[in-house]
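Visitor: For reference, the sequence and a predicted model appear below.
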Amino acid sequence: MSQKQAEEAIVMNYSEMEVEGKEPEGAQNDTSVKGSIRRLFWHGGSVYDAWFSCASNQVAQVLLTLPYSFSQLGMVSGVLFQVFYGLMGSWTAYLISVLYVEYRTRKEKENVSFKNHVIQWFEVLDGLLGPFWKVLGLAFNCTFLLCGSVIQLIGCASNIYYINDHLDKRTWTYIFGACCATTVFIPSFHNYRLWSFLGLGMTTYTAWYLTIASLVHGQIEDVKHSAPTKMVLYFTGATNILYTFGGHAVTVEIMHAMWKPKKFKAIYLLATLYVFTLTLPSAISVYWAYGDTLLDHANALSLLPKTGFRDLAVVLMLIHQFITFGFACTPLYFVWEKVIGMHDTKSIVKRALARLPVVIPIWFLAIIFPFFGPINSAVGALLVSFTVYIIPAMAYILTYRTAFARKGLDLAVGRA
């Protein structure tokens, strides 16, 4: 094949990808009440669905620990790190989306169908760069998602304790582990339409509750804002903020769930800009009000007075953590399904049973580790830096290291 023919094939297949990724015809033609309800709440795949998924997934339990990070970093560094990591994360998410399009385009040129197959990040790396990168992506992403799932369960127990302390946190972890295990019945990211919308609403309420409650309460007596004081605390706080904008482990799965994946380009950036309106005001306000006291309170809710508004925030965060648990676990479900040969099974019950071996170890680990603050920082330091920044950037550089590859990219992006 000549270079010109290859370039034309890239552009042509890039356009065809949009057609194949459209909403299923059966779902479009079903005009019954049941069909309308399913499309409204169950069959997501639009640009708006992707935006809600990205924004809802970015900020969860970590919203409650950002004031703690500010008490380690100081006000100025806390704001700067949030903006820097958020924008850099948006850039690497864009790189991931480009690599996804490149991989899918190449596979569709080979007449590979993804009708019953969800593309994942490690498969993109394998198809573009080879088996070593597949193992690398699989190891970092799966470990990151495993830790993220554990953190959500621990966070559930920590939050509910502020409403009902009749049971210890480990017992609450048993209970919420059983509740979160029901995510095995949600087939894919197509089916998170309602949950993503509700989840973002819940974190929006909680963020603005933290902001308003802190401003109304005012500064505590003899409040001090002495951070940064120690280098160790400074970098611990920085890694927690790094973790905040580390939702890239599910970027490919969210993109694959779209009817028109090539429109993902700016979605992650727009989601990040909205997340800034939640994380910055809440973290600044709580740190302004409580200062160094936060060094002994990783969860901001522990400092705010017990009111109906606070209890509502706790309940909403619990529900949102169920959603975020599903977001983190679903890619792990896909990996396990592919390992045991169940990924193309249409029966929801069979797939749910096949997914249980993924949930049970996560549940067990959450019971063992009762504190999520230090885990957030450890995950940020050891996993997010590679998952969010290093691996996507290196993969992009290596994929487009030749002039021919870059010319094909320019043609495809130009037509998009």
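Guide: Yes, it's here.

Visitor: how near is the closest residue to Arg193 other than its chain neighbours to Trp195?
Guide: Nearest residue to Arg193, sequence neighbours excluded (Cβ to Cβ, 6 or more residues apart in numbering): Gly44, at 3.1 Å. The C-beta positions use only the backbone N, C-alpha and C, and glycine is treated the same way. Gly44 sits 9 Å away from Trp195, going by Cβ to Cβ, to the nearest Å.

Visitor: go on, Thr211?
Guide: 25 Å.

Visitor: Neighbour count: the two, which is higher?
Guide: Counted by other Cβ atoms under 10 Å, Thr211 and Trp195 do not tie: Trp195 has more neighbours, with 23 against 19.

Visitor: So which residue is dead centre in this structure?
Guide: Centroid check for the chain by Cα atoms, centre = their mean gives Gly247 as the closest residue, at 3.3 Å.

Visitor: what's the distance between the residue nearest to Arg193 and Leu138?
Guide: Taken as Cβ to Cβ, the span from Gly44 to Leu138 is 26 Å.

Visitor: Looking at the two, which one has more neighbours?
Guide: More crowded of Gly44 and Leu138, by other Cβ under 10 Å: Gly44, with 27 against 17.

Visitor: what sits against Tyr68?
Guide: By Cβ atoms under 8 Å, 6 or more residues apart in numbering, Tyr68 lies in contact with Gly237, Asn240, Leu294, Leu295, His297, Ala298, Asn299, Ala300, Gly373.

Visitor: how many other residues sit next to the fifth one?
Guide: Pointing back at His297 there. 19.

Visitor: Let's test this: what are the backbone torsions at the residue nearest to it when sequence neighbours are not counted?
Guide: The shortest distance from His297 to any non-neighbouring residue, by Cβ to Cβ, 6+ apart, is to Leu303 (5.3 Å). Backbone torsions for Leu303, taken as degrees, to the nearest 10, come to phi -90, psi -20.

Visitor: Contact partners for Leu303?
Guide: So Leu303 contacts Val286, Tyr290, Thr293, Leu294, His297 (Cβ under 8 Å, 6+ apart).

Visitor: host element of the first one?
Guide: This means Val286. Element membership for Val286 (DSSP states H and E) is helix 267-290.

Visitor: can you pull the buried residues of that helix?
Guide: Buried positions in helix 267-290, judged by neighbour count with 16 or more other Cβ atoms under 10 Å: 267-272, 274-276, 278-290.

Visitor: mean confidence for it?
Guide: For helix 267-290, mean pLDDT rounds to 94.

Visitor: just checking, what packs against whichever helix or strand comes after that helix?
Guide: Scanning forward in sequence from helix 267-290 by DSSP H and E, the next helix or strand is helix 308-340. Other helices and strands packing on helix 308-340, by 3 or more Cβ pairs under 8 Å, 6 or more residues apart in numbering; DSSP states H and E, are helix 47-58, helix 131-160, helix 169-180, helix 193-217, helix 251-256, helix 348-368.

Visitor: Next, the angle from helix 308-340 to helix 131-160.
Guide: Helix 308-340 runs at 150 degrees relative to helix 131-160, counting by axes from the mean of the first three to the mean of the last three Cα atoms, to 10 degrees.

Visitor: same question for helix 308-340, mean pLDDT?
Guide: Here the average pLDDT along helix 308-340 is 91.

Visitor: Any idea how far it is from the middle of the chain?
Guide: 10 Å (Cα atoms, centre = their mean, to the nearest Å).

Visitor: try stretch 134-153
Guide: 11 Å.

Visitor: and what of stretch 277-286?
Guide: When C-alpha coordinates are averaged (Cα atoms, centre = their mean), stretch 277-286 and its chain have centres 20 Å apart.

Visitor: what residues does that stretch touch?
Guide: Outside stretch 277-286, the residues within contact range by Cβ under 8 Å, 6+ apart are 59, 63, 66-67, 69-70, 75, 78-79, 82, 203-204, 206-208, 210-212, 214-215, 244, 294, 300, 303.
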